[in-house]
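Chemist: Just the structure for this:
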Amino acid sequence: MNSPIRSCLFHFFLLPIALVLSSSSFARGRAIPVPVPQEIKSSQFTIQVNGKPVDVARAAANYDFASVDATGPVKISITAPEDGFWDRGVDIQPWRLGIRPTRKGRTIQFFLPNPAKLSISRPQDFLNHAKMLFLFVSRPVALPTKKAAEQPGFHFVGPGIRRESLNPKSGETWYLAPGSVVFGSLNLWRVQNVTVLGRGTIVYEGSQNPEDDDGWMQKPDWHCIGAMESHHIHISGLTCVVRSRTWSIQMKDSTDFEYDDLRVIGGNPGNANQDGMDWLGGGNTVVRDSFFRASDDVFAMQGNWDGYDHDALVAPGHDVSNILVEHSVLSTSISNIVRAGWPQKTFNSRNFTLRDSDILHGGIGTCGLPFALFTFWGAQGAKGQHGGYTFENLWLDNWYSLFQIEQEEPELRDFTFRNIWALGQPPLVNSTLQGQVKDVRIQNVKYGQIAVSSNAAVPVDVSGGAQQPTYSGPGKGIHAAFQMSPAVLEPGARATFIAEPSAPGARYTWLFGDGTLAHGKRVQHRFTDAMGTELDGADEDGKTGTGAGRFRVLLHVEGKNRQQDWAAQEFIVVGHWRQSLQKPTSTPGLQFQIYPGTWPELPSFATESPIFNGVSTNLSDINSGGFTRFAVTYDGFIEVPKDGGYSFSLMARDGARLVIDGEVVAQTGPPFVEVCGSPVNAIRYARGAIGLRQGKHLIRLEALESMSPGSPRLLWEGPGIALSDIPSSALSHTNGAIVLPRQSVPVSTVSP
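Modeler: Numbering: from 1, shown residues only. Take a look at the predicted model:
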């Protein structure tokens with residue numbers, strides 16, 4: 001399909017973008033804010049770009065957004081709505097961009113050298129209740145020429161509020177000017193050769209019941225963009241805000257759609273049934289340079305959908321084929337990034353590709369299968385031939401699992417996961433292959449620096465006759481991996497980073513997680529503070545919080561033919577050390593205490609009385625005394641083998657908190673209930689760092705099992721220790737009195 005604004009597209013996703021926090025580094029470009037009518041303006045955040053104010057719009061749920069057209073690098077300043085808003089840190093995604101702001105009170109600042117679509121929030125705060133700001137910095141779009149505007153079928157929607165849906169006819173072009181806001185829908189009903197472009201916004205807040213799943217209906221004025229049997233459609237530059245419990249963009253039996261620079265923001269009280277984009281038959285679609293924030297699957301493919309009753313579910317649907325999503329930024333509060341299939345459904349699908357894109361937030365929880373980057377849910381007699389799915393060159397920030405693929409008959413085959421780079425957390429649940437699933441290829445899927453090479457490393461469970469997946473690394477060409485020395489870092493210390501050899505002529509780009517970059521196979525760098533990439537480690541003196549900061553260091557290696565590979569590793573800079581205890585006598589295991597009852601969040605254990613206790617060799621080996629709803633505390637020592645900065649990863653469903661030497665190191669977010677009738681909460685993840693001297697340190701873990709059975713999981717990483725579960729040999733306890741180290745502080749009992 002020929003695009004009238006093809007020359008305005010920017011393909012920066014394959015380029016290493018980094019930032020230097022100095023205005024002298026850039027010749028600033030011109031910034032052109034997109035205006036916002038007063039009716040949808042928000043007062044939650046205040047934004048300036050190059051010192052000039054930018055309008056902020058209220059989107060959906062607790063989300064705001066702002067749009068700026070820029071001709072070059074820009075300086076961005078964002079002021080939060082209340083004091084202390086950033087005290088728990090600042091998370092600017094995509095992580096691949098290496099952005100770390102400076103902070104002064106409620107205001108953060110950073111430089112952006114290239115166009116980008118950003119999500120700005122606080123660390124691990126990205127579910128439906130979170131306050132999030134989405135910032136879109138784009139190259140200016142071409143204005144319609146006078147000649148084009150005079151053509152028959154051209155429609156101009158000027159700045160201001162319009163309370164009427166758009167209903168283009170075949171052959172028409174609609175231009176939505178910057179500052180135009182349409183309350184309604186874009187209805188594409190049995191039309192062809194339609195172009196809709198500009199910088200306008202469509203706000204959909206229809207009449208759907210927030211408690212019902214009727215957002216699937218195929219009728220005009222039921223989605224932000226709805227299409228029925230339409231073909232050859234081009235949509236560019238629009239923002240879709242969806243406040244109702246409905247699918248955001250739905251295409252039924254429609255083909256040859258092209259979306260460029262689309263922004264979709266959805267949020268609703270039900271936090272479900274609000275997919276980003278759905279195909280019900282049809283396909284031949286390209287989605288490029290776009291942003292999606294959904295409250296359900298970001299992309300979903302079905303042959304049809306006419307309700308949830310048995311006859312509607314088993315009715316055969318039409319094929320879905322030939323879909324390409326590229327150079328995009330994807331986020332959801334719940335469910336999958338990509339889903340195909342549904343229980344009992346019959347249809348065929350082929351040739352879906354998602355590539356060169358950032359996954360900011362994969363949904364957490366379960367609906368039949370755990371949520372994942374990709375789920376094919378072909379359960380309960382679902383049928384069809386499905387294959388040719390490719391996922392390549394993807395960066396994973398917050399996510400749940402890699403894939404969940406299930407079908408009984410006749411078969412699913414040909415699934416490729418190539419160059420998938422997880423830049424932070426590990427998977428929270430196992431992947432699955434179940435039933436007649438064949439030809440699953442896992443090629444250079446990396447967690448941090450290590451490419452997975454076995455089922456145990458993914459991890460993936462294979463059952464029901466599924467064929468074992470095959471594994472391969474990055475090949476003989478481009479390869480990203482590196483070492484850093486010394487193993488222990490303090491602010492101002494010189495660190496040396498050495499990349500492993502790659503192909504001749506390869507280009508090495510380092511992003512150090514502090515807003516700076518360097519080039520070369522071997523580089524040196526100094527971290528000037530212990531605040532960490534997300535500003536959640538310590539203040540500038542290194543004395544608040546745990547006094548240690550986690551810096552997300554990224555290495556990008558690119559070959560002459562644009563082959564690429566990435567490696568990620570967190571390094572801890574210690575601004576404040578915790579001294580070890582003076583050789584206490586101890587025995588293996590941790591003491592545990594059981595507090596029967598149900599709490600909505602972690603209680604203050606100082607005011608509670610345990611009625612059962614014992615010794616546990618590990619966190620999953622406790623006798624709860626027969627209680628099924630309880631809180632538990634584990635107390636004892638952790639043996640640290642070397643001086644260094646240690647990071648701890650905590651996973652729990654109902655809530656957990658890790659305290660070392662009297663300091664809260666990690667605490668999972670509030671419980672988040674799974675959907676589809678699941679009786680348990682989703683797994684929450686938290687990570688923190690602390691500087692520990694060699695020897696024994698006090699450890700305390702507090703956890704709830706008030707709704708979801710299962711013990712918390714605790715992993716660590718430090719000098720000479722890859723990310724792994726803490727071994728039982730490192731845990732011990734004593735029956736005598738324990739004296740806290742002098743520098744410890746009282747344990748906080750306030751949930752974040």
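Chemist: Same question for stretch 706-720: list its buried residues.
Modeler: 706-708, 711-719 (16 or more other CB atoms under 10 Å). The way it works is simple: take the backbone N, C-alpha and C, and place the C-beta from them, glycine included.
Chemist: Ok, stretch 499-518 next?
Modeler: 499, 502-503, 506-517.
Chemist: if I look at the spatially closest residue to Asp91 that is not a sequence neighbour, how far off is Ala666?
Modeler: Take Asp91 and drop its neighbours on the chain: the residue closest to it by CB to CB, 6 or more residues apart in numbering is Pro123, 4.6 Å away. Using CB to CB, to the nearest Å, we find Pro123 at a distance of 11 Å from Ala666.
Chemist: just Asp643 next, same as before
Modeler: Separation of Asp643 from Ala666 (CB to CB): 21 Å.
Chemist: more neighbours, these two?
Modeler: More crowded of Asp643 and Ala666, by other CB atoms under 10 Å: Ala666, with 25 against 17.
Chemist: Pairing partners for that one in the sheet, please.
Modeler: Applying DSSP bridges to Ala666 gives these bridge partners: Leu658.
Chemist: List the contacts of it.
Modeler: Contacts for Ala666 (CB atoms under 8 Å, 6 or more residues apart in numbering) come out as 648-650, 657-658, 686-688.
Chemist: Asn419 too?
Modeler: 392-394, 443-445, 474, 564-565.
Chemist: now it, what's its secondary structure?
Modeler: Secondary structure, DSSP: H, G, I helix; E, B strand; the rest coil: Asn419 is strand.
Chemist: From Gly655, how far out is it?
Modeler: 36 Å.
Chemist: quick revisit: need the worst-confidence member of the contacts of Asn419.
Modeler: Among the contacts of Asn419, Pro474 has the lowest pLDDT, at 84.
Chemist: Tell me how many other residues crowd it.
Modeler: 21.
Chemist: Just list whatever residues bridge to the residue nearest the centre of the chain.
Modeler: In the chain, the residue lying closest to the centroid (CA atoms, centre = their mean) is His361, at 1.9 Å. His361 forms beta bridges with Ser331, Asn398, as assigned by DSSP bridges.
Chemist: Assumed Arg687 was part of a helix.
Modeler: No - applying three-state DSSP, one finds Arg687 to be strand, outside a helix.
Chemist: I'd like the distance between it and Pro426.
Modeler: From Arg687 over to Pro426 (counting by CB to CB), the distance is 10 Å.
Chemist: Now, the buried residues of stretch 499-518 that are in strands?
Modeler: 499, 507-511, 517 (DSSP state E).
Chemist: show me what contacts the closest residue to Gly669 other than its chain neighbours?
Modeler: Of all residues beyond its chain neighbours, the one nearest Gly669 is Arg684 (5.0 Å), with distances taken as CB to CB, 6+ apart. By CB under 8 Å, 6+ apart, the contact set of Arg684 is 124, 364, 651-653, 655, 668-672.
Chemist: Need the per-residue pLDDT for Lys543.
Modeler: 53.
Chemist: re the thing from before, which one in the buried residues of stretch 499-518 is the model shakiest on?
Modeler: Ala503 (87).
Chemist: so that one touches Gly559, yeah?
Modeler: Yes - using CB atoms under 8 Å, Ala503 makes contact with Gly559 at a distance of 5.3 Å.
Chemist: quick one: common contacting residues for those two?
Modeler: 477-478.
Chemist: Can you give the contact residues for the helix or strand of the chain with the lowest mean pLDDT?
Modeler: Counting by mean pLDDT, DSSP states H and E, the chain has its least confident helix or strand at helix 146-149, which shows a mean of 85. Under the criterion CB under 8 Å, 6+ apart, residues 154, 156, 173, 175 lie in contact with helix 146-149.
Chemist: if you set the cut-off to 7 Å instead, what comes out?
Modeler: Applying CB atoms under 7 Å, 6 or more residues apart in numbering, the contact partners of helix 146-149 are 154, 156.
Chemist: Which residues are in contact with Thr390?
Modeler: 353, 416.
Chemist: Remind me which helix or strand it belongs to.
Modeler: Per DSSP states H and E: Thr390 is located in strand 385-398.
Chemist: higher neighbour count, Arg687 and Pro426?
Modeler: Just comparing Arg687 and Pro426: by other CB under 10 Å the higher neighbour count belongs to Arg687, 22 against 15.
Chemist: How many residues are close by the nearest residue to that one once chain neighbours are set aside?
Modeler: Of all residues not flanking Arg687 in the chain, Ser649 sits nearest, at 5.0 Å (CB to CB, 6+ apart). Neighbourhood size, Ser649 [other CB under 10 Å]: 22.
Chemist: again, but for the one 5 residues further on
Modeler: When neighbours are defined as other CB under 10 Å, Asp654 has 26 of them.
Chemist: show me the contacts for the nearest residue to it once chain neighbours are set aside.
Modeler: Leaving out its chain neighbours, the residue that sits closest to Asp654 by CB to CB, 6+ apart is Leu704, at 3.9 Å. Leu704 is in contact with 599, 602, 631, 654-655, counting by CB under 7 Å, 6+ apart.
Chemist: Name the helix or strand for Leu704, please.
Modeler: For Leu704, the host element (DSSP H and E) is strand 695-705.
Chemist: tell me which strands and helices the helix or strand that that strand is followed by is in contact with?
Modeler: Note on strand 695-705: by DSSP H and E, the next helix or strand toward the C-terminus is strand 713-718. Packed against strand 713-718 by the contact rule (3 or more CB pairs under 7 Å, 6 or more residues apart in numbering; DSSP states H and E) you find strand 644-652, strand 721-725.
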